[in-house]
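Chemist: Curious how this folds, go ahead:
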Amino acid sequence: MGLKRVSTALSALFILSAGAALGAEISGRSSTQLLWYNNEFTEKRVFEAAEYLRVNVTKIDQAGKLSFFAYGRGAQIIGKDDDTTGRLYSAYLDYRDLADKADLRLGRQFASNAAGFALFDGLKVDLKNIGPVGFSAFGGRDVVYGLDGELGNTWNTDLGVSAYLNGFRKTDLEISWLRKWEQSEAARDTLGASFKQYLFNTVRLYGNTKYDLPSESFSESLIGTKIYPTSDLVFTAEYYSSYPVFDTTSIYSVFAVNKYREALARADYTFSEMFSVNLGYNRQWFDEGATADVYHIGAGISPIKHLKFNLEFDNRTGYYGNTNGFIADVDYEINKSAQIAGGITYDVYQRDAVTHDEIARRYWLGGKYKLAKNMALSGRVQNDVNARYSENVSGRLVFDYDF
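Modeler: Predicted coordinates:
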């Protein structure tokens, strides 16, 4: 693992040096963070220092088609002898408009299509400008992170292929396939489809579905619509169903699972810059006829220009207990450089008919101060009080530098 990190770091430095020599533009963000929290596994207090670094190298070539992007994290627990941990989330070369027909991306990257998503070391190719249908394909070594680093076998691989409509202003349609292998055995094999259609400039229809080939079942489906009678009023209606599936190589794939369905209706209305409101209802169906109902009401209030309140209340009754709760947040912009915010989450829940009510609360306070055009200091502290913790204080202090 150490050799791999050194190799990656050297490769990144080489690309940065080459890019600088060629007059490329280098930008990005350094985010230095101090975090404190309770470790859920050891139940001990942890203080951790972390560095998040994002680097963008553009205009490497004269045509401006070649770029390099990287993003990673390094962290060290303070007062511990643990090794420094690191995660390389992405590091890839991006070449746009090859023969005006293809975009290429090589390296560690995240990719998704209607059938699923993958984080992998490999190649992604997008074919475009070849007619009303475009094509995309990606594949490479599957990347999985654990607590202390990368997990998985070197030969675990991902492959995704999709076809989509191209050039239709009001219509989107995609059909995709995704397969994941654990060494030589297919662990996931999924077909997917998604669509989006705009009608009369006031209606948007959308949906997506995933079909799991090993279990011969639809693992996830969503269909919905948004209606905009005016610019201030939005109606939303959705129907969603899911059937959990697991990797064929997992022991959990032999266990029976239940299908879940829900229907949602919601309305959002903005009265003015000072006041908006939203109302919602959610019907949930579980196996063997069990159901639950969720009612929601929320409001946004801005009595003066730089002060905003957000209030939300939910009431759930039915299967597996009842829940009542609210969220209240406030945000105040002191000036162009300073902001402060805070809030509370309060939930009262009953797990089943023979238990008493339990209460869960979260209090938080945060703020941000812009030290310069490219530098900012921010922080947040919160305390969770619930059936498990009488006090659980956590927080973070962040210094961001854009270059």
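
Chemist: where does the protein dip in pLDDT?
Modeler: Low-confidence regions of the chain, defined by pLDDT under 70, span residues 1-22, 351-355.

Chemist: any chance you could map the helices in it?
Modeler: Listed in chain order, the helices found in the chain under DSSP state H are 2-21.

Chemist: for the stretch 1-150 of the chain, what spans make up the strands?
Modeler: In chain order, the stretch 1-150 of the chain shows strands spanning 25-38, 45-58, 66-77, 85-98, 102-113, 116-127, 133-142, 144-145, 150-151, with DSSP state E, counting those that start in this stretch as the criterion.

Chemist: Quick one: closest of these to Ala376.
Modeler: Closest to Ala376 of those is strand 25-38 (Cβ to Cβ; 9.7 Å). Bear in mind the C-beta positions are built from the backbone N, C-alpha and C, glycine included.

Chemist: how much does that closest one deviate in direction from strand 66-77?
Modeler: Going by axes from the mean of the first three to the mean of the last three Cα atoms, to 10 degrees, strand 25-38 is angled at 20 degrees with respect to strand 66-77.

Chemist: Sheet-wise, list the partners of strand 25-38 with their directions.
Modeler: The partner list of strand 25-38 in its sheet, established with DSSP bridges, is strand 45-58 (antiparallel), strand 393-402 (antiparallel).

Chemist: Once you drop chain neighbours, what's closest to Gly74?
Modeler: What sits nearest to Gly74 in space, not counting adjacent residues and going by Cβ to Cβ, 6 or more residues apart in numbering, is Gly86, at 4.5 Å.

Chemist: quick one, what contacts that neighbour?
Modeler: With contacts taken as Cβ atoms under 8 Å, 6 or more residues apart in numbering, Gly86 has the following neighbours: Arg5, Gly72, Arg73, Gly74, Ala75, Gly149.

Chemist: Next: Ser27.
Modeler: Contact criterion Cβ under 8 Å, 6+ apart gives Val55, Asn56, Thr58, Asp402, Phe403 as the residues in contact with Ser27.

Chemist: next one: Ser337
Modeler: For Ser337, the contacting residues are Tyr369, Lys370, taking Cβ under 8 Å, 6+ apart as the criterion.

Chemist: Which of the strands of the stretch 1-150 of the chain sits closest to Ala163?
Modeler: When the strands of the stretch 1-150 of the chain are ranked by distance to Ala163, counting by Cβ to Cβ, first place goes to strand 133-142 at 5.4 Å.

Chemist: Please name the strands paired to that closest one in the sheet, noting orientation.
Modeler: When DSSP bridges is applied, strand 133-142 pairs with strand 116-127 (antiparallel), strand 157-165 (antiparallel).
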